[in-house]
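A.B. asks: model this:
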Amino acid sequence: MKRLVLRRIFPATLLLYAGCSGEVELAEEEEIGDDYAAQIAQEVPLLRDPVALAELNELGNALAAQADPSGRRYDFHLVDSPEMNAFAIPGGHIFVNRGLIGRADEEAELAGVLGHEIAHVTERHGIEQAEKQQRTGILVSLFYMLIGRDPGIVEQIVIQGGAGAVFAKYGRDAEREADHEAVATLVAAGYHPEGIATFFEELLKEQHSNPSSFDQWFASHPSSAERVSNVRTMIESLGPLDEERLTRDSPGYQAFRRRVQLAR
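C.D. replies: Numbering: from 1, shown residues only. The predicted structure follows:
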């Protein structure tokens, strides 16, 4: 619930930075992200273990170096929550729940999640979605100003439902694009992209036995069955991979996983 409240704040913050043009420059995006990350840090419990944070940032920034030529600064944060979730905000802040790391059995699986979230930043999905919400709200307000009245209850339901459908479709398209970019990023960074597909497969299996723990993940991500198929198609399009060069797992990653589960 706290994350939903923060999301409502974001379009208003964007409006303050972008003015009437709706165009957000990279420096402004970073400032928006820093402000928003500070709000999140006050609302969600974060793990402060310096060793675990350093290791997460080392992995994340190795991926970002391959994915993002813009020079953005990336910060990776650990959320002390057993729920399965990860999310990115503009400016290069990426939050990963302890519960997700516990379910990412191999290093390539966590790398796939981080590569996916990095793609949301590089493709500016958060900025674009906020701009779309902003434009929709402005247009609706102007319409009712012109006709000289506020929308009735039924009209509000229709307006909100219609806008929700637009944003849900955009979200699915953005998720597919992020998966596509993550495959290329993992290969460039020396990780096996099959980790993305195996992670989704594990989520599908676990969802059947414990669906409530995946509410956050499946509320904001498209069907994992579809994503497994899409990712494997993307991997096949790359041609033969150098299996010896691509990392699936490492002892260091397993030590990191254990540390995260014990950290407070």
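A.B. asks: State the distance from residue 245 to residue 190.
C.D. replies: 6 Å (Cβ to Cβ, to the nearest Å). (C-beta placed from N, C-alpha, C; glycine too.)
A.B. asks: cool, residue 200 as well?
C.D. replies: For residue 200, the distance to residue 190 - Cβ to Cβ - is 21 Å.
A.B. asks: of the two, who's got more company?
C.D. replies: Just comparing residue 200 and residue 190: by other Cβ atoms under 10 Å the higher neighbour count belongs to residue 200, 23 against 15.
A.B. asks: Backbone dihedrals for the more buried one, please?
C.D. replies: phi -60, psi -40 (degrees, to the nearest 10).
A.B. asks: Could you tell me the model confidence score at it?
C.D. replies: On pLDDT, residue 200 comes in at 88.
A.B. asks: likewise residue 26?
C.D. replies: Reading off the model, residue 26 has pLDDT 83.
A.B. asks: which stretch of helix or strand covers the closest residue to it other than its chain neighbours?
C.D. replies: In this structure, residue 26 finds its nearest non-sequential neighbour in residue 70, 6.3 Å apart by Cβ to Cβ, 6 or more residues apart in numbering. Under the criterion DSSP states H and E, no helix or strand holds residue 70.
A.B. asks: ok, now how distant is residue 70 from residue 175?
C.D. replies: 21 Å.
A.B. asks: Over to residue 195?
C.D. replies: Distance from residue 195 to residue 175, by Cβ to Cβ: 17 Å.
A.B. asks: Looking at these two, which is more packed in?
C.D. replies: residue 195 (27 against 21).
A.B. asks: In which helix or strand does the more buried one reside?
C.D. replies: Residue-wise, residue 195 maps onto helix 194-209 under DSSP H and E.
A.B. asks: Can you name the residues in contact with that helix?
C.D. replies: 84, 103-113, 115-116, 179, 182-183, 186, 213-214, 217-218, 224-225, 227-228, 231-232, 235, 248 (Cβ atoms under 8 Å, 6 or more residues apart in numbering).
A.B. asks: CA atoms only for it, dumped as PDB, please.
C.D. replies: What follows is helix 194-209, C-alpha atoms only, in PDB (Å, rounded to 0.1, in the frame of the first residue of the first chain):
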ATOM      1  CA  GLU A 194      18.800 -18.600 -19.600                       C
ATOM      2  CA  GLY A 195      18.700 -17.400 -16.000                       C
ATOM      3  CA  ILE A 196      15.800 -15.100 -16.900                       C
ATOM      4  CA  ALA A 197      13.700 -17.900 -18.300                       C
ATOM      5  CA  THR A 198      14.500 -20.300 -15.400                       C
ATOM      6  CA  PHE A 199      13.600 -17.600 -12.800                       C
ATOM      7  CA  PHE A 200      10.200 -17.100 -14.500                       C
ATOM      8  CA  GLU A 201       9.600 -20.900 -14.500                       C
ATOM      9  CA  GLU A 202      10.300 -21.200 -10.800                       C
ATOM     10  CA  LEU A 203       7.900 -18.300 -10.100                       C
ATOM     11  CA  LEU A 204       5.100 -20.100 -12.000                       C
ATOM     12  CA  LYS A 205       5.700 -23.300 -10.000                       C
ATOM     13  CA  GLU A 206       5.700 -21.500  -6.700                       C
ATOM     14  CA  GLN A 207       2.700 -19.300  -7.500                       C
ATOM     15  CA  HIS A 208       0.500 -22.400  -7.600                       C
ATOM     16  CA  SER A 209       1.500 -23.500  -4.100                       C
END
